[in-house]
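**Student:** sequence first, then the predicted structure, then my questions.
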Amino acid sequence: MNEVKHETNTSALSWDSMSVPQGPPIPITHENIQQVMVPVPIKMQPPPNLNPMMDHGAPMQQGPMTPHQGVQMGAPYMDHELPPELIQQGWRKFWSKRENRPYFWNRVTGESLWDMPQFDPIGDPLGICAGPAPPHTPTMNNMSMPPQAMKRRASDGMGMGGPPLPKKFILSGPWDLEIVTNVIILERPPTTMPQPHPEIELFRCNLTNKLRNLLQEMCHSREGIDAPNDSFNRWLMERKVIDTGSDPLLPTSCYPEISPGMYREIMNDIPLKLKKPKYTGDARKQLSKYAEAAKKMIESRNASPESRKVVKWNAEDTFAWLRKTVGATYDDFQERLNHLKTQCQPHLTETVKDSVEKICLKIYHLSSEHAKKIRDKHNELLASNGILEPPPPMSSMNCRKVWCYPIQFATPSCRMPTIEYHPDKEQIMLRFQNDTVTVNNLQFQKLEHLYRYSCFDDKKFELFLPRVWCLLKRYNTFLGIMGQMNILDTQHTGHKTQASLPGPVMECLNRQFGVTFECFASPLNCYFRQYCSMFADTDSYFGSRGPILDLKAVSGSFQAHPPYCEELMEATVTHIEQLLADSPEPLSFIVFVPDHRDPTPNALVKLEASHFKRKQVVVPAFEHEFRIGIQHMVTNKTDLNVKSQHGTLVVWLQNSAGYSKWPPTEDKVEKLLDAFRPGRERERDKLELLSPKAEPNPQTPPSETQTQPPLGGGPAPPGPPQVKMNNHNNVAMYPPVGS
């Protein structure tokens with residue numbers, strides 16, 4: 001890896017793009033020189049655009065930014081970055097090799113600071129308190145610099161007695177959005193999906209909720225059971241692995257039409273959903289109920305004589321055993337229940353097979369019909385806005401390597417309706433057509449931050465609220481949150497599929513293994529600002545790179561924590577192995593899956609048998625925590641983390657180059673296991689109150705320019721935003737275009 005100095009432009013103010021008379025030349029200065037990690041050694045090219053007066057209200061007209069573009073190294077000292085007033089007062093800027101960040105030293109007073117000192121024009125307007133300053137000759141200083149490193153400072157008053165640039169606002173929370181990506185992907189065409197719209201999203205979510213309720217009604221009326229917990233959510237995820245349809249939520253084109261996951265989960269609950277009893281009395285009662293339910297089902301169905309005979313005989317034998325047995329232990333009842341289920345379940349499965357298959361088929365066919373209605377309604381909306389129907393999918397573009405960038409759309413956005421904004425003490429409510437979604441204040445600020453990084457077509461934030469409403473409505477529908485129900489009731493929500501690793505674990509993954517990318521996340525639970533998510537359309541404005549199964553990664557370090565869906569987990573392992581086999585560049589995946597062994601899922605077997613496996617460890621059950629999947633709706637911090645009731649298997653899948661760059665040594669693995677210890681997040685919060693936030697990890701290539709969409713090719717690398725704060729409600733304000 002080559003380390004070079006990366007120099008970037010600061011953004012010009014909005015009035016810089018206006019036509020002004022020619023005045024005296026602006027002093028030529030230079031911006032921050034930062035350390036960049038370039039993926040492979042290559043000859044450095046000059047920056048594509050050095051014009052400081054470009055219009056920041058429109059996308060930057062620059063060439064595609066590949067991972068190998070950069071800037072030549074600058075001078076070892078950085079005095080040219082300070083305004084003349086601070087230089088006159090004796091301040092100098094140097095680079096700390098130990099801390100890997102700049103610091104400021106006053107040669108007159110001997111004072112040393114990490115942050116840029118503030119110039120006080122009232123207390124010392126002429127700099128009299130400071131010693132004599134050397135003459136400021138920017139022309140001579142710049143002559144010693146390489147020609148390609150010369151840049152003019154934006155017309156913000158710097159160098160002419162104006163105030164220094166405002167500091168960049170870093171949003172504090174259980175995330176680190178300042179870490180930039182080290183992931184390189186193959187360039188991809190824009191998606192042909194239409195952009196989300198509140199009216200269409202409300203229509204889609206209403207149809208999806210009807211489908212969820214229909215599954216519950218059919219299971220109850222036909223099989224006498226409740227729909228398995230989270231089965232509808234897992235059905236959506238499992239179908240999307242093989243779905244070739246166009247709807248982002250509902251499956252429309254799948255083969256086979258009968259979902260093996262839904263079929264298996266319904267069958268497991270027939271004739272009675274079994275739970276692990278807590279007491280011996282509960283075990284005895286569950287055994288009796290199972291025998292009674294099996295006998296009742298076999299008598300009420302059109303079963304074969306042999307099946308009817310076997311089930312009834314085993315049920316009667318169980319009743320006789322319960323009557324004559326006194327003082328049986330907990331294990332005795334559980335052993336008898338397992339024996340009864342082994343004898344009866346095959347006959348019950350054969351009896352209800354057709355009925356369960358019809359349930360799965362009806363849900364799938366209705367999903368296809370609903371998706372067609374949604375598509376037709378969306379096309380009508382596009383036509384009313386003068387937008388042509390989305391073109392067919394484009395052919396693959398050239399296989400150029402670029403920094404990973406958010407999903408881009410091939411069609412423009414429709415006119416958005418008004419979204420009512422109702423701030424509260426701890427939450428913010430957004431309402432559209434009497435349908436209200438809520439999000440806590442900190443998460444709302446996080447969405448603003450992500451939107452500022454990743455959205456390219458709405459610099460004025462005019463479409464921000466409608467897009468946030470669509471995002472929240474989509475995830476509420478997916479998780480099964482309807483109305484004012486108890487959001488922590490796990491019986492009615494699927495938030496377990498959105499559980500995420502705690503902050504200390506993610507921080508350790510970044511520091512020890514260079515991880516900068518999450519394979520399974522959402523704008524509501526992501527730790528980094530670059531990630532893959534289930535919904536490419538609603539999440540793209542907030543940094544999503546689309547589904548992980550569609551990502552063609554070439555290089556980088558990833559964290560993969562898939563939701564518990566066996567088909568999705570198995571497809572993910574297959575996709576990761578294919579990426580590792582195809583890429584000679586450093587590529588690493590750290591996979592976190594539940595350590596279920598009774599029975600062992602196929603994904604777990606395939607993961608442990610992979611020839612790319614470098615190491616594996618197990619975090620014991622009840623000795624680590626996860627963040628719940630609805631953290632955006634919870635205001636009490638004590639409800640955010642829940643202890644895991646199962647062990648978690650951690651597996652390192654790496655190619656040879658990735659293993660050389662990010663090896664899972666014993667010391668690093670021990671630090672990761674220590675980060676899993678419960679209570680580490682609370683300790684981390686206390687430390688943040690006592691000490692300033694640490695600088696981002698220097699392993700990843702820093703950048704100070706905001707990501708731009710690919711113009712005629714690849715994208716530019718991402719960078720941090722400039723945010724102004726409103727002192728009244730502590731919410732980030734929307735800057736004018738060009739800021």
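**Tutor:** The structure has been received and is ready for your questions. Numbering: from 1, shown residues only.
**Student:** which residues touch the closest residue to Ser112 other than its chain neighbours?
**Tutor:** Excluding its sequence neighbours, the residue lying closest to Ser112 (CB to CB, 6 or more residues apart in numbering) is Trp105, at 5.0 Å. Placement of C-beta: from N, CA and C, glycine included. Applying CB atoms under 8 Å, 6 or more residues apart in numbering to Trp105 gives the contacts Trp91, Arg92, Lys93, Phe94, Glu111, Ser112, Leu113.
**Student:** got a PyMOL select line for the buried ones in the residues you listed?
**Tutor:** With 16 or more other CB atoms under 10 Å as the burial test, the buried ones among the contacts of Trp105 are selected in PyMOL as follows:
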select buried, resi 91+93
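**Student:** quick check: Leu409 touching Pro196?
**Tutor:** Just to correct that, residue 409 is Phe rather than Leu. No - using CB atoms under 8 Å, Phe409 is not in contact with Pro196; the gap is 9.9 Å.
**Student:** between the two, tell me which one has more neighbours.
**Tutor:** When Phe409 and Pro196 are compared on other CB atoms under 10 Å, the one with more neighbours turns out to be Pro196, at 27 against 20.
**Student:** got phi/psi on that one?
**Tutor:** phi -70, psi 150 (degrees, to the nearest 10).
**Student:** how near is it to Pro260?
**Tutor:** Note on Pro196: its distance to Pro260, by CB to CB, to the nearest Å, is 31 Å.
**Student:** next one: Leu447
**Tutor:** Taken as CB to CB, the span from Leu447 to Pro260 is 36 Å.
**Student:** go on, Thr191?
**Tutor:** Thr191 sits 28 Å away from Pro260, going by CB to CB.
**Student:** likewise for Gly386?
**Tutor:** Gly386 is 44 Å from Pro260, by CB to CB.
**Student:** tally of neighbours for Glu608?
**Tutor:** Considering only other CB under 10 Å, Glu608 is surrounded by 12 other residues.
**Student:** just checking, it touches Trp652?
**Tutor:** No - taking CB under 8 Å as the definition, Glu608 is not a contact partner of Trp652, at 11.9 Å.
**Student:** what's the overlap in contacts for the two?
**Tutor:** Joint contacts of Glu608 and Trp652 (CB under 8 Å, 6+ apart) are Gln616.
**Student:** got phi/psi on Thr244?
**Tutor:** phi -110, psi 10.
**Student:** oh sorry, the question was meant for Tyr527
**Tutor:** Torsion angles, degrees, to the nearest 10, at Tyr527: phi -100, psi -40.
**Student:** how many neighbours does it have?
**Tutor:** 26.
**Student:** same question, Thr418
**Tutor:** The burial count for Thr418: 10, using other CB under 10 Å.
**Student:** just say helix, strand or coil for it.
**Tutor:** coil (DSSP: H, G, I helix; E, B strand; the rest coil).
**Student:** look at it and report its pLDDT.
**Tutor:** For Thr418, the pLDDT comes out at 96.
**Student:** swap in the one 10 residues further on?
**Tutor:** Listed pLDDT for Ile428 reads 95.
**Student:** for the one 5 residues further on, same thing?
**Tutor:** According to the model's per-residue confidence, Gln433 sits at a pLDDT of 94.
**Student:** Gly386 and Pro260: which has the busier surroundings?
**Tutor:** Using other CB under 10 Å as the criterion, Gly386 and Pro260 rank with Pro260 on top: 12 against 9.
**Student:** find the residue at the geometric middle of this protein.
**Tutor:** Most central in the chain under CA atoms, centre = their mean is Ala521, positioned 3.2 Å from the mean C-alpha point.
**Student:** was I right about that one contacting Phe535?
**Tutor:** No - judged on CB under 8 Å, Ala521 makes no contact with Phe535 at a distance of 11.4 Å.
**Student:** can I see the domain layout of this structure?
**Tutor:** For the chain, the structural domains run 1-165, 198-381, 495-703, going by automatic domain parsing.
**Student:** please identify which of the ones you listed is closest to Tyr405.
**Tutor:** Comparison of the domains of the chain against Tyr405 by CB to CB identifies domain 495-703 as nearest, at 7.4 Å.
**Student:** so who does the residue nearest to Gln443 when sequence neighbours are not counted touch?
**Tutor:** Excluding the flanking residues, the one nearest Gln443 by CB to CB, 6+ apart is His632, at 4.1 Å. Contacts were defined as CB under 8 Å, 6+ apart; by that measure His632 touches Val439, Asn440, Gln443, Leu472, Leu524, Asn525.
**Student:** done for today, thanks.
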